[in-house]
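[1] what's the 3D shape of this:
(chains A and B)
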Amino acid sequence: MHEIRVHNTLSGKVEPFVPLEPGEIRMYTCGPTVYDYAHIGNFRTFVFQDILRRFLKLRGFKLTHVMNLTDVDDRIIANAAKAGISIRDYTEKYIQAFFADCRALSVESPEHWIRATDHIDDMVALIQRLQKNTYTYPSEGSLYYRIAKFKDYGKLSKIDLTGIQAGARVDNDRYDKESARDFALWKAPKPGEHFWKTPIGAGRPGWHIECSAMAMKYLGETLDIHTGGIDLAFPHHENEIAQSEAATGKPFVRYWLHAEHLLVEGEKMSKSLGNFFTLRDLFAKGYKPSALRFALASVPYRRQLNFTFDGLQQATSSVERLRNFAARLKQEKFPAGSQPAIAERIAKAADDFDAGLSDDLNTAQALAAVYDLVREANIAMDKGEFRQGELAAVQELLANFDRVFAVLEDNDGEKLQALGYTDASSGLGDAAIEKLVAARQAARQRRDFAASDRIRKELAERGILLEDAKDGSVRWKRK
RNA sequence: GGCGCGGUACCCAAGUGGUAAGGGAGAGGUCUGCAAAACCUUUAUGCGUGGGUUCGAUUCCCACCCGCGCCUCCA
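    Sure, this is the predicted structure:
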C-alpha cells in the first residue's frame, strides 16, 4: 500500500494525507442546491467525491462523511412562491430526484445526508458565537460578517483583499455593508417571504453559514477533508473558513479538495448554449449509467473534463471490455495448479492500482493497471496457461477495482427502469432469451446455420448479443 | 489585472532528466460455419511555439501563443 497523497487547495500542493485521528476520517461535501435537477457537471464533482470516499474505505479507514442539501436559497424561495407551495414541498421533489440520480450513478450515500432547513438552530447558535467574538454587525435587519477582522481571510483562494479596486466586479450598492466583501450571515426577510423567527431576529440564513454549522455539528470543529467544485473555493469555502475559525479559534479543515469543472464540447455548460444536460437527458438518449459514471471517473479530478458524446461512447466500450473479462473469469474453467509468473503480474497490477489512486486519486493510472492485467490474463487464458490458483487473486483485484469504480455489475437496465426508462431489451425476460438461445444451439448442432443466424439476428435486434465460447457454451448479454 | 487548470497520436488520457502507459476508434490478421469475445500487427523520431541549461528534455529554466475556469449564492 502506498502513501496517500492529495492536492490540498490550502497549500496549493500535493501532500501526504494523514487524518487527525489515526484510522478515522471526517469528511464534508457541499451537496446540491435542490432548486432543479442536478446536471452532469454537478455529478462530475459528486462522482469524484464518491471515488474518494470509496477509496478511503477500501484503504480501511473508518469514514464519517456528511453531505448537505441546500434547501433554502433565493431561487428556491422564488420558485416555491411562484408554485404556491412550501419550500419543503418544493425541494422534496428535487431531493428525491437527486437521490435517484445518485443511485443510477452508484454514488454511495454518505453516512449523513442533512438538510439546511433542519439546522436553523445550529446556524443561529454559530452566528451568536460570532456575535460574541464581534465578527458581526447588523445592517437593515441583516447580520454581516466583518471580513476585516479575520486576518487569515483569503488563505484558501489566495485572494488579495487589498487588490480589490476599480474593475473588480464587486456588488457594493445593494446593501449597506462596511466592506464590499463582507457577506450576509443572516438575511432579513423581504415582504411576503418565508422566514424563521429566531433570537437573532426574523429572517433566513446566508448561504455559507449552513456548511460551517452542519460540518462542525456532525464532524467536530476540525475536519479532515472538505470537498466541492472548484468554483466553491471562493467565496463559499473561504467564507466557511472565516466563519468557523472566527468562532472556534481552531483550524476548520485540514485538507481542501476541489474538483475541476466539466466542459461540454470544450465550452462551459450553460442553458443558453443548449449544451446543458441532466442525467435524464442522457439516459433518454440511450446512454448507460455505467458509461456516464466511467466517463466522469476516468479523468483525474483536477483536470477539466471535456464531456462529449463520442467520449461517452468510448466509455461504454471501455466498460464493456472490463465486463467481458469479468464474465470470462466467472464462466471459463481453468486447469488446477498455479503459475508463479502470472501470480506475480497480478500482485504488480494490484500494487499499481493502489499507487495510482494513492497519488491524488489518479484514476487514469489506476485504470491502466487494471487494463494491463486484463490483457495479460486474457493472453494467458488464450494460451491455456491460466491456472485456477490465480483465479481468486484476479477476482479480488477486480472486486477492489469495483469497490471504487463501481461499473462492473451489469445492472444498467434495472437502474434505468428505476428512473422510469425502459431497458432496451425490455419485453424479453431471461427465460425467453434462454429458450431462443437453446433453439439456436439446436439449429447449430444440425448445422442449420440459416436458422441459427436468424435467431441470433432476432435477438440482436432486441438488444441481446451472443458469444459462442470454444467449449460450445453460449454467453449472452444485453447491449 | 489577480488567482488557477490545461495544450501528448484520429479521439480520451498517464507519465518521467535517458529516449513515449492505458482505453476507444480505424486498417490488416489469428480464432470461428459465420459472427462475437479474445489475441497479434499497425496509427507520435514525436509530447503548443521559440530559445536556454545538460552528455541527453516531452520532463528543468525563460519568453511567447492558444483553450478553459474563478475573482457576483455556478459543482
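[2] The stretch 101-250 of chain A: helices as residue ranges?
    If DSSP state H, counting those that start in this stretch is used as the criterion, the helices of the stretch 101-250 of chain A fall at A:120-132, A:209-219, A:238-248.
[3] other SSEs contacting the longest one?
    This means helix A:120-132. Packing partners of helix A:120-132 (3 or more CB pairs under 8 Å, 6 or more residues apart in numbering; DSSP states H and E): strand A:142-145, strand A:184-187, strand A:196-198, helix A:209-219, helix A:238-248. Where C-beta positions appear, they are placed from N, C-alpha and C, glycine not excepted.
[4] how about these, which one is nearest residue A:388?
    Nearest of these to residue A:388, taken as CB to CB: helix A:209-219 at 46.3 Å.
[5] And the next helix or strand past the least confident helix or strand in chain A by mean pLDDT?
    Taking mean pLDDT, DSSP states H and E as the measure, chain A has strand A:267-268 as its least confident helix or strand, at a mean of 83. Counting by DSSP states H and E, the next helix or strand C-terminal to strand A:267-268 is helix A:279-284.
[6] Residues in contact with that following helix: which ones?
    A:37-38, A:40, A:43, A:101, A:104-105, A:289, A:292, A:312, A:416, A:419, A:421 (CB atoms under 8 Å, 6 or more residues apart in numbering).
[7] quick one, longest helix in chain A?
    helix A:309-331 (DSSP state H).
[8] Now do the helix or strand following it: which elements does it pack against?
    Sequence-wise, the next helix or strand downstream of helix A:309-331 (DSSP H and E) is helix A:340-358. Where contact means 3+ CB pairs under 8 Å, 6+ apart, helix A:340-358 is packed against helix A:363-382, helix A:388-405.
[9] could the contacts of helix A:279-284 be laid out in JSON lines, adding pLDDT?
    What follows is the contacts of helix A:279-284, written out as JSON lines (pLDDT from 0 to 100):
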{"residue": "A:37", "pLDDT": "92"}
{"residue": "A:38", "pLDDT": "93"}
{"residue": "A:40", "pLDDT": "94"}
{"residue": "A:43", "pLDDT": "95"}
{"residue": "A:101", "pLDDT": "95"}
{"residue": "A:104", "pLDDT": "96"}
{"residue": "A:105", "pLDDT": "96"}
{"residue": "A:289", "pLDDT": "96"}
{"residue": "A:292", "pLDDT": "96"}
{"residue": "A:312", "pLDDT": "95"}
{"residue": "A:416", "pLDDT": "91"}
{"residue": "A:419", "pLDDT": "86"}
{"residue": "A:421", "pLDDT": "76"}
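[10] can you list the weak-confidence ranges in the stretch 351-479 of chain A?
    In the predicted model, the stretch 351-479 of chain A carries pLDDT under 70 at residues A:422-427.
[11] Could you list the residues of it in contact with RNA strand B?
    For the stretch 351-479 of chain A, the residues in contact with RNA strand B (CB under 7 Å from any atom of the strand) are A:359, A:362, A:364-365, A:367-368, A:371-372, A:374-375, A:378-379, A:381-382, A:444, A:449, A:452-453, A:465-470.
[12] Buried among these? Make that a PyMOL selection.
    The PyMOL selection below is limited to those of those classed as buried (16 or more other CB atoms under 10 Å):
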select buried, chain A and resi 359+362+365+367+374+381+444+452+466
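[13] For the residue nearest to residue A:63 when sequence neighbours are not counted, which three-state class applies?
    Leaving aside its chain neighbours, residue A:63 sits nearest to residue A:25 (5.0 Å; criterion: CB to CB, 6 or more residues apart in numbering). Under DSSP: H, G, I helix; E, B strand; the rest coil, the three-state class of residue A:25 is strand.
[14] and residue A:25, what pLDDT?
    As predicted, residue A:25 sits at a pLDDT of 98.
[15] Contact partners for it?
    A:19, A:56, A:61, A:62, A:63, A:64, A:224, A:225.
[16] what's the closest of the helices and strands packed on helix A:120-132 to RNA strand B?
    strand A:184-187 (5.0 Å; CB to the nearest atom of the strand).
[17] Packing partners of the closest one?
    Strand A:184-187 makes packing contacts with helix A:120-132, strand A:142-145, strand A:201-205 when contacts are defined by 3+ CB pairs under 8 Å, 6+ apart.
[18] Could you give the bridge partners of residue A:263?
    When assigned by DSSP bridges, residue A:263 has beta-bridge partners residue A:268, residue A:306.
[19] Check the gap between the residue nearest to residue A:292 when sequence neighbours are not counted and residue A:290 for me.
    Nearest non-adjacent residue to residue A:292, counting by CB to CB, 6+ apart: residue A:282, 6.0 Å away. In this view, residue A:282 and residue A:290 are 12 Å apart by CB to CB, to the nearest Å.
[20] Kindly report the same for residue A:319.
    Counting by CB to CB, the gap from residue A:319 to residue A:290 is 5 Å.
[21] And residue A:239, by the same measure?
    For residue A:239 relative to residue A:290 (CB to CB), the value is 37 Å.
[22] what does residue A:401 give?
    13 Å.
[23] List the beta-bridge partners for the residue in the stretch 151-300 of chain A that RNA strand B sits nearest to.
    In the stretch 151-300 of chain A, the residue that lies nearest RNA strand B is residue A:229 (1.4 Å; CB to the nearest atom of the strand). Note on residue A:229: beta-bridge partners by DSSP bridges are residue A:259.
[24] ok, residue A:54 - how many residues close by?
    The local packing of residue A:54 (other CB atoms under 10 Å) involves 20 other residues.
[25] quick one on the thing from earlier: export the helices and strands packed on helix A:120-132 to a markdown table and append columns for distance to RNA strand B, mean pLDDT and mean neighbour count.
    Formatted as a markdown table, the helices and strands packed on helix A:120-132 follow (distance: least, CB to the nearest atom of the strand, whole Å; pLDDT from 0 to 100; neighbours: other CB atoms under 10 Å):
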| stretch | distance to RNA strand B | mean pLDDT | mean neighbour count |
| --- | --- | --- | --- |
| strand A:142-145 | 9 | 94 | 23 |
| strand A:184-187 | 5 | 94 | 23 |
| strand A:196-198 | 15 | 95 | 15 |
| helix A:209-219 | 10 | 97 | 24 |
| helix A:238-248 | 8 | 96 | 25 |
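[26] Right, I'll leave it there.
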